[in-house]
Every structure is written in structure tokens, then in C-alpha cells.
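Novice: Compute the structure for the input listed below.
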Amino acid sequence: MQKSIVHLVNELSRLLLAFSPLVSQFERKQPQALAALQSWLADAEQILSSYGLVASAELAGQRSKLTSPALSNEYRGQLRKQQLRVAVDILYPLQQCLQQVLLPYQQKLQQSTELIRHLLSVISQSGALSYNPATGFDSFVQQLWQLIGQHEQLKAGAVQLRSWLAQADIMLLLAQETNPADFP
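Specialist: Sure thing, here's the model as predicted:
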């Protein structure tokens with residue numbers, strides 16, 4: 001069973017959007033910045049490893065750089081400064097790693113969305129289905145997906161979508177892109 005690409009893209013986007021405030025904490029030399037970075041790293045590693053993405057190992061390698069000053073025999077004040085220096089040095093590589101992981105999944109999601117829009121446009125123009133509020137939106141989305149999967153000219157699009165996305169993601173995108181007003 002395929003894992004949700006929509007969920008992965010949303011989670012990685014959430015992490016990347018949280019990165020700017022994290023960098024700002026280091027700029028302002030806030031005492032909780034290092035702990036916030038470690039928490040952010042743990043969250044990012046967990047998401048990547050849950051999807052079986054090896055970039056989690058790259059993040060773990062960067063995290064190990066934060067640990068190395070702690071293993072030295074320096075006194076406490078010097079240790080903290082070294083950790084902060086290392087943390088600032090790894091900020092950009094961390095962001096870049098997540099950005100590189102996110103990009104191909106975003107592109108796949110964009111291609112899927114464009115294909116769904118095209119399929120919906122063909123169905124809308126043909127008048128093959130009409131939206132009936134009495135049957136409900138979920139039912140209508142199911143009918144659309146059945147039509148896409150069974151119609152000879154649309155079937156290739158269904159096959160392509162199934163190769164890119166999990167069924168739940170397809171239904172979610174189909175629901176997001178469907179405007180009942182387009183199906184009178």
C-alpha cells in the first residue's frame with residue numbers, strides 16, 4: 001500500500017515553514033534556539049524515516065555534529081558556544097536537505113492535480129455527470145472516480161493517477177478540485 005504523498009508534502013512544508021522562525025531565534029541569540037533546533041530535527045527525522053526516506057540519515061548525521069562538542073572536555077560555557085556555532089553552521093544544509101526531499105513529491109502532486117483538472121474538465125464539458133445535492137458531495141466524487149476508471153478515453157488518466165498516488169490521495173485531490181457548479 002502506498003503512503004500518502006499529500007500528507008508527506010504537507011508535513012515537509014510545515015517543517016520548512018517553521019524553519020524561518022527557528023533561524024530568527026538564533027539571530028536573536030535566544031537561549032531556547034538550540035533546543036528548538038533539536039526538536040525540529042527530531043520531528044523531521046521521524047517524518048522522513050516513517051516514509052522510509054534515507055534523507056533521515058543525512059539529518060541524523062547533521063544532528064551528530066551538535067553532539068560532538070558535548071563530548072569534548074571543555075568547560076560548560078565554551079561547550080555551549082561551540083554547540084551554537086555548529087548549529088548555525090548546519091542550518092542551511094538542514095533546510096536544503098528537506099527542500100531536496102520535498103521537491104519531487106511536490107512536482108508529482110502538481111502533475112496529479114493538473115491531470116485531475118483536465119479529467120474533470122472533459123467530464124464537465126461532456127455532461128456525462130450532473131451534481132445532485134441530494135446524493136451528497138462524497139457520493140458525487142465517488143461517481144466521478146468510477147467514471148474516470150471505467151470510461152475508455154479517461155481510463156488512461158486513472159491508471160496514471162494510480163501509479164503516482166495512493167487511492168486516498170487521489171480521492172482527496174479529486175474532492176479538492178471538484179466544483180459542483182461545473183456539473184449542472
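Novice: what about stretch 16-30, average pLDDT?
Specialist: Rounded to a whole number, the mean pLDDT of stretch 16-30 is 94.
Novice: which is the next helix or strand following the helix or strand containing Arg117?
Specialist: Using DSSP states H and E, Arg117 falls within helix 76-126. Using DSSP H and E, the helix or strand that follows helix 76-126 towards the C-terminus is helix 137-150.
Novice: Need the contact partners of the very next helix or strand once past that following helix.
Specialist: Next helix or strand after helix 137-150 toward the C-terminus (DSSP H and E): helix 155-164. Outside helix 155-164, the residues that touch it by CB atoms under 8 Å, 6 or more residues apart in numbering are Ile5, Lys108, Gln111, Ser112, Leu115, Ile116, His118, Leu119, Trp145, Ile148, Gly149, Ile170. Just so you know, the C-beta spots here come from the backbone N, C-alpha and C atoms, and that holds for glycine as well.
Novice: pLDDT averaged over helix 155-164, what's the number?
Specialist: Helix 155-164 shows a mean pLDDT of 94.
Novice: Tell me what angle it forms with helix 137-150.
Specialist: Relative orientation of helix 155-164 with respect to helix 137-150: 110 degrees, computed using axes from the mean of the first three to the mean of the last three CA atoms, to 10 degrees.
Novice: And the following helix or strand past helix 155-164, what does it pack against?
Specialist: Downstream of helix 155-164, the next assigned helix or strand under DSSP H and E is helix 167-177. On a contact count with 3 or more CB pairs under 8 Å, 6 or more residues apart in numbering; DSSP states H and E, helix 167-177 meets helix 5-17, helix 76-126, helix 137-150.
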